[in-house]
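Chemist: Here you go, sequence then predicted model.
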Amino acid sequence: MSDLLIKGNAILDERIIENALIRCEDGRISSVEEFSPKHLHEKILDYTGRFVSPGFVDIHVHGAAGADYMDGTEEAVRTSNIAHAKRGTTSIFPTTTTGSFKQLDDMVRACESVQSAWTPSDGARVAGIHFYGPYFAKDKVGVHSREGRRDPVREEYEYFLSKPIIKIATCASELPGALEFFDFAKANGCFITCGHSNACWSELEAAHDHGMRHVDHFWCAMSSVSSLRARFGTPMEAGMEQFVLYNETMSTEVIADGIHLSDDLLRFAYKMIGPRRLGLVTDANRAMDAPPGKYRFGSKDDGTWVFSDGKSVKGGDGSLASSMHGMDRMVKTMARSIGRNLPDVIRMASLTPAELAGVSTEVGSIEVGKQADLVILSHDLDVEQVIIGGQLL
């Protein structure tokens, strides 16, 4: 493995070092320093005027380039990971949808195989799996297959959450058996989230007592005052938005593709929650980097049909069906919405999700000892070069 010496404007956690030199040895960052004449005799990859960002970390993503992780094949995993690497994601958490036990098992096994034999040519590194579906609320399934939805099944989730590759575990907090699911997930070291849920405050509070610390894609497929009124009547109830805003121990994520949420909502989330509790995710599906057309969301065999117009993906009823854009799009949209505070924007795409998923000792920031996963960004935040494990892609 060759060593690299990279020059550019390094985006650190709280500041930017202009004309920084980042030395990479044996696939890891060995030093970060300012450029000086003493370095002139060394062979430098010169990205003067461009930004050097830590590689992006995506903790909620379903596929890309015509492939979905729920296809359950190594080819699908590699195809998706390569596409996302081109968009700056260097650590990825393939995310399950609703589906049968066999479909979930095939997906997990394929990810395990790719992870165990990974090389940079396979694209983004599988840092873990997000066990997301199938435990969704009936009234918040969204575009996911309703046939594959179910309440928590102990034998099933104990089998999956016992696997070391499962790092994130999601369940709607109001479902029968949800608290036992959270207990088992916590005992197995998972980061616990609530998603596709119509839970009220008391149900979220009970889940929090059992280890739940995150809600998925803020404002999307989550409880609100109006949805809870339909469930409970009056007096009106507080839901997931209020619970996250009130509790500093809670975190969340946004799909900043410019289609799901307006700049005003993104700016509100940033101001009220902050970059240490708010992450960027793509929630991308197989329509990313694929031509407009009709696609399966989830398994290629029986996933829900969705429709891409080349800009967004929608279900048969016209509702949004996750995203079809990479993390580079999320970064650019967030930078525009909050005023180009790059250390905070990049943190939300790298260190914050890495911290939430428990992998920040290895990835997520430009620090000595961490994996040499870097993204070279133009002044306009376009991806110019991706480096994973000290190797240029």
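Modeler: Alright, I've got the coordinates.

Chemist: Mean confidence (pLDDT) on whichever strand or helix holds residue 335, please.
Modeler: Following DSSP states H and E, one finds residue 335 within helix 327-338. Helix 327-338 shows a mean pLDDT of 98.

Chemist: List the buried residues for it?
Modeler: Residues 327-338 are the ones in helix 327-338 that count as buried (16 or more other Cβ atoms under 10 Å). Placement of C-beta: from N, CA and C, glycine included.

Chemist: Now tell me what touches it from outside.
Modeler: 56, 58, 84, 87-89, 254-258, 263-264, 266-267, 270, 280-282, 341-342, 344-346, 348-349, 380-383 (Cβ atoms under 8 Å, 6 or more residues apart in numbering).

Chemist: Also stretch 171-189?
Modeler: Here stretch 171-189 makes contact (Cβ under 8 Å, 6+ apart) with 135-137, 140, 151-154, 157-158, 161-162, 166-167, 169, 192, 194-200, 203-204, 206-207, 210-212, 358.

Chemist: Quick one: mean pLDDT over the helix ranked longest in the chain.
Modeler: Assignment by DSSP state H gives helix 101-116 as the longest helix of the chain. Helix 101-116 shows a mean pLDDT of 98.

Chemist: So which other helices or strands are in contact with it?
Modeler: Packing partners of helix 101-116 (3 or more Cβ pairs under 8 Å, 6 or more residues apart in numbering; DSSP states H and E): helix 74-86, strand 125-126, strand 129-131, helix 154-161.

Chemist: okay, the helix holding residue 335 in CSV with CA atoms only?
Modeler: C-alpha atoms of helix 327-338 as CSV (Å, rounded to 0.1, in the frame of the first residue of the first chain):
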residue,chain,number,x,y,z
MET,A,327,-24.2,12.3,0.1
ASP,A,328,-22.6,15.0,-2.1
ARG,A,329,-26.1,16.3,-2.9
MET,A,330,-27.0,16.3,0.8
VAL,A,331,-23.8,18.3,1.7
LYS,A,332,-24.4,20.9,-1.0
THR,A,333,-28.0,21.4,-0.1
MET,A,334,-27.3,21.7,3.7
ALA,A,335,-24.4,24.1,3.0
ARG,A,336,-26.8,26.3,1.0
SER,A,337,-29.5,26.2,3.6
ILE,A,338,-27.4,27.1,6.6
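
Chemist: next structured bit after that helix?
Modeler: Once helix 327-338 ends, the next helix or strand along the chain (criterion: DSSP H and E) is helix 342-349.

Chemist: can you tell me the distance between the two ends of stretch 385-393?
Modeler: Length of stretch 385-393, first residue to last, Cα to Cα, to the nearest Å: 7 Å.

Chemist: Quick check: buried residues in it?
Modeler: Neighbour-count burial for stretch 385-393, counted by 16+ other Cβ under 10 Å, picks out 385-391.

Chemist: one step back: drop the exposed ones from the contacts of stretch 171-189 and show what's left.
Modeler: Buried subset of the contacts of stretch 171-189 (neighbour count, 16+ other Cβ under 10 Å): 135-137, 140, 151-152, 157, 161, 166-167, 169, 192, 194-200, 203-204, 206-207, 210-212.

Chemist: Select from those every entry located in helices.
Modeler: Among the buried ones among the contacts of stretch 171-189, the ones falling in helices (DSSP H) are 157, 161, 203-204, 206-207.

Chemist: I'd like to know which of those is nearest to residue 128.
Modeler: Among those, residue 161 lies closest to residue 128 (Cβ to Cβ), at 11.9 Å.

Chemist: Quick one: neighbours of the closest residue to that closest one other than its chain neighbours, just the number.
Modeler: Nearest-residue entry for residue 161: residue 188, 5.0 Å, with adjacent residues in sequence omitted and distances by Cβ to Cβ, 6 or more residues apart in numbering. By the criterion of other Cβ atoms under 10 Å, residue 188 has 17 neighbours.

Chemist: what's next to stretch 299-317, contact-wise?
Modeler: With contact meaning Cβ under 8 Å, 6+ apart, stretch 299-317 is reached by 68, 70-72, 97, 99, 103, 142-145, 147, 257, 259, 285, 287, 290-298, 320-324.
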